[in-house]
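Asker: Give me a model of this one.
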Amino acid sequence: MPELPEVETVKRGLAPVMEGRVFTSVVLNRKDIRFPFPENFIKRLEGKTLTHLGRRAKFLVAELSSGETLLMHLGMSGRFSIEEGSWPADSGNTNPKHDHVVFTMSGKEAPLIVYNDPRRFGFMELLANGEQGRMAELGPEPLSNSFNGPALFSALTKKKAPIKTALLDQRIVAGLGNIYVCEALFDAHISPLRKSCDLTEAECEALSTEIKTVLEIAIKAGGSTLKDFAAVDGALGYFQHRFKVYGHENDACPNTDCPHEIQRVKQSGRSTFYCPHCQI
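Answerer: Below you'll find the predicted structure:
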């Protein structure tokens, strides 16, 4: 599932062709994806201007001139692409039969914004002015000033769950997923098996710093492409070539002075990769 860097990459690609433009046409090629589309979805979008496109955690957040907010989630295989001409467009990157939503935006080139989702785990919702919906219980953005060592330490004080599991809890910090948690814990030299409440203030400071660093590097690399993810122009992410531990079971630890291998364990149904020697 796309995590924060992948969604941020998509947002940055869509913003130039969507912000400040009007939805001149909205086409739905099915009644639902993960959930049914909101009532009067087309009518509530057509003729409205997308005033600002942002990101919150793993959501794309489009503010509309009507005061409503269009909330979009990519699910596991959702992809947006920018096409020219008419739908179905032949980009060669996706199968048109999975093009479930097609937005036509105003402007001289009248770009098509096509949402393609083979597995249909993504969804779109419309929120009333001031409504938070699924974003109401999200924790701080990891790249914001509100996320730091003291904030993380305070959030973990009473948590007995392993730190790896806790960091996947979107109420503690928003937008993190399996890949970037594994990488950040390695860089902070913290075992994913440690109880969250056992982390010291100094360790929380180091961990918050490494989370920010790994996310910033991943965003610059266009995110990670393991299977389905691609940017709006079809480009693949490249951060997967910089993974230190994720997916490296039985490989040598990347720390040159460490003679141990990367191990994989299951935590809450997900694979965790770490070095048992360097992460304590």
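Asker: ok, which stretches of the stretch 51-200 of the chain are strands?
Answerer: Applying DSSP state E, counting those that start in this stretch to the stretch 51-200 of the chain gives strands spanning 59-64, 69-73, 79-83, 99-105, 112-116, 123-127.
Asker: quick one, which of these is nearest to Phe37?
Answerer: The minimum distance between Phe37 and the strands of the stretch 51-200 of the chain falls on strand 123-127, with 6.4 Å, by C-beta to C-beta. Yep, even glycine has a C-beta here, placed from its N, CA and C like the rest.
Asker: Ok, which of the strands of the stretch 51-200 of the chain comes nearest Gly247?
Answerer: Gly247 lies closest to strand 79-83 among these, at 21.6 Å (C-beta to C-beta).
Asker: what helices or strands is the helix or strand bottoming out on mean pLDDT in the chain leaning on?
Answerer: One helix or strand of the chain scores below all others by mean pLDDT, DSSP states H and E: strand 79-83, with a mean of 91. Helices and strands touching strand 79-83, by 3 or more C-beta pairs under 8 Å, 6 or more residues apart in numbering; DSSP states H and E, are helix 4-18, strand 112-116.
Asker: Contacts for the strand or helix carrying Thr272 next, please.
Answerer: Per DSSP states H and E: Thr272 is located in strand 270-274. With C-beta atoms under 8 Å, 6 or more residues apart in numbering as the test, strand 270-274 has contacts from 164, 168, 178, 182, 185-186, 191-193, 245-249, 262-266.
Asker: Among these, name the ones in helices.
Answerer: 164, 178, 182, 185-186 (DSSP state H).
Asker: if we can go back for a sec, between the helices and strands packed on strand 79-83, which one is closest to Met76.
Answerer: helix 4-18 (11.5 Å).
Asker: Pull the residues that contact the closest one.
Answerer: Under the criterion C-beta under 8 Å, 6+ apart, residues 2, 50, 53-55, 57-60, 62, 74, 80, 82, 103, 105, 107, 111, 113, 142-143, 174-177, 180, 215, 218-219, 221-224, 229, 231-233, 237, 239 lie in contact with helix 4-18.
Asker: quick one: buried residues of it?
Answerer: By 16 or more other C-beta atoms under 10 Å, the buried positions in helix 4-18 come out as 4-11, 13-15, 17-18.
Asker: swap in stretch 189-202?
Answerer: Buried positions in stretch 189-202, judged by neighbour count with 16+ other C-beta under 10 Å: 190-194, 196, 199.
Asker: Show the end-to-end separation of that stretch, please.
Answerer: 12 Å (C-alpha to C-alpha, to the nearest Å).
Asker: about what we covered before: give me the buried positions along the strand holding Thr272.
Answerer: Judged by neighbour count (16+ other C-beta under 10 Å), strand 270-274 contains these buried residues: 272-274.
Asker: May I have the strands that pair with that strand, each with its orientation?
Answerer: Strand 270-274 has these partner strands in its sheet, going by DSSP bridges: strand 263-267 (antiparallel).
Asker: Quick check: pLDDT value at Ile280.
Answerer: pLDDT, Ile280: 95.
Asker: which two in the ones in helices among the contacts of strand 270-274 are spaced the farthest apart?
Answerer: Spatial extent of those (C-beta to C-beta) is set by the pair Asn178 and Phe186 at 12.9 Å.
Asker: Pick out whichever of those two has more residues nearby.
Answerer: Using other C-beta atoms under 10 Å, the more surrounded residue of Asn178 and Phe186 is Phe186, with 27 against 19.
Asker: Hmm, that one is touching Gln279, no?
Answerer: Yes. Between Phe186 and Gln279 there is a contact at 6.2 Å, judged by C-beta atoms under 8 Å.
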